[in-house]
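Engineer: Sequence first, then the predicted structure:
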Amino acid sequence: MSTRAEAPGPTHASQTHASPAKANPARSVARRPNQLFRNLNSKIASIPMILVAVCVFLGGTLWTVVYSFTNSKLLPRFSFVGLDQYYRLWDAPRWVISIQNLAIYGILSLIFSLAIGFLLAALMDQKIRFENTFRTIFLYPFALSFIVTGLVWQWILNPEYGVQSIVRSLGWADFTFDPLYDPSIVIYGVLIAGLWQGTGLVMCLMLAGLRGIDEDIWKASRVDGIPMWRTYLFIVIPMMRPVFITTLVIIASGIVKVYDLVVAQTSGGPGIASEVPAKYVYDYMFQAQNLGQGFAASTMMLLTVAIIVVPWAYLEFGGKKRG
Amino acid sequence: MRALKAILVASAMLPATYAGAADLEVTHWWTSGGEAAAVKELAKAFDATGNKWVDGAIAGSGGTARPIMISRITGGDPMGATQFNHGRQAEELAQSGLMRDLTAVAEKEKWKDIIKPSSLLDSCTIDGKIYCAPVNIHSWQWLWLSNAAFKKAGVAVPKNWDEFVAASPALEKAGIIPLAIGGQPWQSTGAFNVLMIAISGKDVFQKVFADKDAKVAAGPEIAKVFKAADDARRMSKGSNVQDWNQATNMVITAKAGGQIMGDWAQGEFALANQKAGVDYTCLPGLGVNEVISTDGDAFYFPLLKDEAKSKAQEVLASTIVSPAVQVAFNLKKGSLPIRGDIDLAAANDCMKKGLEILAKGNVVRSTNQMMSADSQKQLEDLFSEFFAKSSMTPDAAQKRFAEIIAAAD
């Protein structure tokens, strides 16, 4: 979030810098007007937002990182223990499993939600009838919270009431499908629910991107006799780069903070097979009453987010002159 | 409906109503059928003193409820009184001066003399001051067996753990899951601790959890316990339930042969109109080592500014300890009273067994009293993984167990 709030900064500054020079070329060298009081109204208006961003986001983040080097228990305490919390964190099998799960869930959900979302959007783009109806159906799961999604899929995947029992009642008596009760595949059960919920949004974003492609491009490629799939793959997709990047960031940030879906669907089980980092943070901060450990874990999560957001922000805003 | 109400109360974090000066919001996690019936007794007794009990039940067991309670207390929105398991859960809250000192009430009513065993009051005492009113004693060390399930399998109801293990193939053949264990981490952890007292005895249990002796934890005695836990893991395969009362319900309906669970399970049997000795059998200490722990619940009182409410807190504290409430509450809850001078004539067979063991003094302190929440959470992570993952060997688990004990506080 903070990158977005800061982003307009340079653009804004360069504008204010440019305009007095243009308006008053003669006086610009002798007496530069005080930069601080230019556009005073808008600056005053943005003070609350700046304060919130600095105090809450930046301040809170720094505070957390600093206290992750202490041995705070239930209440924050300022006694440093160096990297102890981090050693313990990476020694804990549950944290390692959480990271593995996040990697599996993250990579697969990125690939599948982008692929399925784009495919649905491309199909929707064929000027089909009842497009509105289909779009609503596909987007509908997104209106549900992760808690509801998790519960619904917990029931669907429950061997006694869900898919397994339906298929068995159709005659396949040996059919077994109970991902939520098998530690080695439980994370895929969570993935299915996550995809079901999130793909509709990706489809909508993609559809908006597709609609933004000029009709003339399509005409030109048709004149050249390029098959439709190649047009999509080699012309349309590269043109949709901004949409893809935005979608990527939206999905990725959703992945890193995945918590409620797991809590509702499996509560981390069976055993600790479907634990995720955000749940580790919560459990150790509040259930284990060990703030230091929770802070260390959340700092590691922040690092993960930074690894995703910083290159993106650099690509989007850095190196390129705008406005 | 009750669960819904509880969730609403918890999520909206309704500030305590300031209408009547003596309305006291009490938070707790007693939401199963038997538990709720017991809470009603407490509320009734408190209302009779002219004050008003505002119920703040939080659904989803202590693991969910405690973070909510603690964040309300540390966040400056304290309730009138709150349940914790007596032990170290509220230790830091008391140390940082957020809780009310009850020493005056305790001295006036001579809690030191009436509360038995004295370890209950000790765990309420921090730096010489008393911070909580114990309400009941719960012990973990019980094996609940369904007589109907064993009848169906054609074997006699076992009298101890080894017989139970031996009977498990017959149960499985009859389509019954031998041992029901819910998926929540505290249940598998509790089951392991019970196995530990039963198999390796009281001294080893104390050495591991009170003295944090990592050598004993890595030794042959505990290896035997892990072997038994391996049996329990095999026997519990297929009990796909989460909550403890769902697991108890499997025993009540004879879908499962037995369950290792604290004596709070008794409330569920009573609610289902089952009779001890006829419909179900209880084996304290798994029928091997008749020792029970003094787990249990206590009420803590956050420091409030309101004069009238502080008065009401004191009234509630003495109400909880009073003999009449102790009898009414514990009969419904299936737990043991915290004072030795009252008559539980209406107690059933299982409770009488528990009272006898208590009178003999065969008690150990509970893990809640000996271990910090942090260390317990690490153990919970270990045991929930061990019980769910059949590929994890007992040796590997024991190694990690010893590591956690070595680093425990």
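Structural biologist: That came in fine, so what should we check first? Numbering: from 1, shown residues only, chains lettered A, B, ... in the order given.

Engineer: May I have the phi/psi pair for B:Gly296?
Structural biologist: phi 150, psi -170 (degrees, to the nearest 10).

Engineer: Can you report how many residues neighbour the residue of the stretch 201-350 of chain B found nearest chain A?
Structural biologist: Here the stretch 201-350 of chain B gets closest to chain A at one residue, B:Asn240, 5.4 Å apart by Cβ to the nearest Cβ. For every residue, glycine as well, the C-beta is placed using N, CA and C. Using other Cβ atoms under 10 Å in any protein chain shown, B:Asn240 has 18 other residues around it.

Engineer: so what's it up against?
Structural biologist: A:158-160, A:181, B:183 (Cβ atoms under 8 Å, 6 or more residues apart in numbering or on different chains).

Engineer: Just put these in TSV and tack on pLDDT.
Structural biologist: Shown next, in TSV, are the contacts of B:Asn240 (pLDDT from 0 to 100):
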residue	pLDDT
A:Asn158	86
A:Pro159	83
A:Glu160	81
A:Tyr181	86
B:Gly183	87
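
Engineer: Pull out the buried positions in stretch A:116-127.
Structural biologist: For stretch A:116-127, burial by neighbour count (16 or more other Cβ atoms under 10 Å in any protein chain shown) applies to A:116-118, A:120-122, A:124-125.

Engineer: out of those residues, who's nearest chain B?
Structural biologist: After measuring the buried residues of stretch A:116-127 against chain B - Cβ to the nearest Cβ - the closest member comes out as A:Ile116, at 30.1 Å.

Engineer: For that closest one, what is the enclosing helix or strand?
Structural biologist: Using DSSP states H and E, A:Ile116 sits within helix A:93-124.

Engineer: One more: B:Leu379?
Structural biologist: Using DSSP H and E, B:Leu379 falls in helix B:373-388.

Engineer: Just after that helix, pick out the following helix or strand.
Structural biologist: helix B:394-407.

Engineer: For the residue in the stretch 1-150 of chain B positioned nearest to chain A, give me its contacts.
Structural biologist: Distances between the stretch 1-150 of chain B and chain A by Cβ to the nearest Cβ are smallest at B:Pro67, namely 3.4 Å. With contacts defined as Cβ under 8 Å, 6+ apart, B:Pro67 is in contact with A:282, A:286-287.

Engineer: got a winner among the residues you listed for most neighbours?
Structural biologist: Neighbour tally across the contacts of B:Pro67 (other Cβ under 10 Å): the maximum, 22 neighbours, falls on A:Gln287.

Engineer: pretty sure that one contacts B:Gly62?
Structural biologist: No: judged on Cβ atoms under 8 Å, A:Gln287 makes no contact with B:Gly62 at a distance of 9.0 Å.

Engineer: Can you check the pLDDT for A:Thr16?
Structural biologist: Note on A:Thr16: pLDDT of 42.

Engineer: of the contacts of B:Pro67, list those near chain B.
Structural biologist: A:282, A:286-287 (Cβ under 8 Å from any Cβ of the partner chain).

Engineer: List just the nearest of those to chain B.
Structural biologist: Closest approach between these and chain B, by Cβ to the nearest Cβ: A:Phe286, at 3.4 Å.

Engineer: and the residue of the stretch 1-150 of chain B closest to chain A, what are its phi and psi?
Structural biologist: phi -60, psi -40.

Engineer: near chain B, which residues of chain A?
Structural biologist: Counting by Cβ under 8 Å from any Cβ, the residues of chain A that sit close to chain B are A:73-75, A:88, A:92-94, A:158-160, A:181, A:183, A:267, A:269-273, A:282-284, A:286-290, A:293.

Engineer: Can you tell me which of these end up in helices?
Structural biologist: A:88, A:93-94, A:282, A:293 (DSSP state H).

Engineer: Give me the nearest residue to B:Ala148, chain neighbours excluded.
Structural biologist: Nearest residue to B:Ala148, sequence neighbours excluded (Cβ to Cβ, 6 or more residues apart in numbering or on different chains): B:Ala254, at 4.0 Å.

Engineer: same question, B:Ala359
Structural biologist: Using Cβ to Cβ, 6+ apart, the nearest residue to B:Ala359 is B:Gly340, at 7.6 Å.

Engineer: Do I have it right that A:Met203 meets A:Leu123?
Structural biologist: No: if you go by Cβ under 8 Å, A:Met203 and A:Leu123 don't touch, sitting 9.4 Å apart.

Engineer: about what we covered before: buried among the contacts of B:Asn240? Make that a PyMOL selection.
Structural biologist: Those of these that count as buried under 16+ other Cβ under 10 Å are selected in PyMOL with:
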select buried, (chain A and resi 158+159+181) or (chain B and resi 183)
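
Engineer: and of the contacts of B:Asn240, the nearest to A:Tyr105?
Structural biologist: A:Tyr181 (18.2 Å; Cβ to Cβ).

Engineer: I figured the closest one was touching A:Gln164, is that so?
Structural biologist: No: taking Cβ under 8 Å as the definition, A:Tyr181 is not a contact partner of A:Gln164, at 10.1 Å.

Engineer: Now do the strands in chain B.
Structural biologist: B:23-28, B:52-57, B:81-85, B:125-126, B:129-130, B:132-138, B:142-146, B:177-179, B:256-260, B:280-284, B:292-293, B:295-300, B:363-364 (DSSP state E).

Engineer: Walk me through which strands the fifth one pairs with, and which way each runs.
Structural biologist: I take that to be strand B:129-130. The partner list of strand B:129-130 in its sheet, established with DSSP bridges, is strand B:125-126 (antiparallel).

Engineer: tell me the domain ranges of the chain?
Structural biologist: You didn't pick a chain, so chain A it is. A:1-67, A:84-317 (automatic domain parsing).

Engineer: try again with chain B
Structural biologist: Using automatic domain parsing, chain B is parsed into the domains B:2-137+B:295-354, B:142-293+B:371-407.

Engineer: which stretch in the ones you listed has the least confidence?
Structural biologist: In terms of mean pLDDT, the lowest-scoring of these is domain B:2-137+B:295-354 (a mean of 83).

Engineer: Centre of the chain to that domain, how far?
Structural biologist: The chain centroid and the centroid of domain B:2-137+B:295-354 are separated by 14 Å, computed with Cα atoms, centre = their mean, to the nearest Å.

Engineer: Then stretch B:366-380?
Structural biologist: 13 Å.

Engineer: Quick one: end-to-end distance for that stretch.
Structural biologist: In stretch B:366-380, first residue to last residue: 15 Å (Cα to Cα, to the nearest Å).

Engineer: Then stretch A:261-276?
Structural biologist: From start residue to end residue, stretch A:261-276 stretches across 10 Å - Cα to Cα.

Engineer: go on, stretch A:55-64?
Structural biologist: 13 Å.

Engineer: That stretch: which residues count as buried?
Structural biologist: Quick answer for stretch A:55-64 (16+ other Cβ under 10 Å): A:Thr64.

Engineer: cool, stretch B:234-250 as well?
Structural biologist: Here stretch B:234-250 shows B:235-236, B:239-250 as buried, counting by 16+ other Cβ under 10 Å.

Engineer: Starting from B:Asp306, give me the distance back to A:Ala296.
Structural biologist: 39 Å (Cβ to Cβ, to the nearest Å).

Engineer: Between the two, tell me which one has more neighbours.
Structural biologist: Counted by other Cβ under 10 Å, A:Ala296 and B:Asp306 do not tie: A:Ala296 has more neighbours, with 27 against 14.

Engineer: residues in contact with the more buried one?
Structural biologist: For A:Ala296, counting by Cβ under 8 Å, 6+ apart, the contacting residues are A:68, A:85-86, A:88-89.

Engineer: OK, contacts around the residue of the stretch 101-250 of chain B found nearest chain A?
Structural biologist: Nearest residue of the stretch 101-250 of chain B to chain A (Cβ to the nearest Cβ) works out as B:Gly183 at 4.8 Å. Residues in contact with B:Gly183, defined by Cβ under 8 Å, 6+ apart, are A:267, A:269-270, B:240-242, B:384, B:388.
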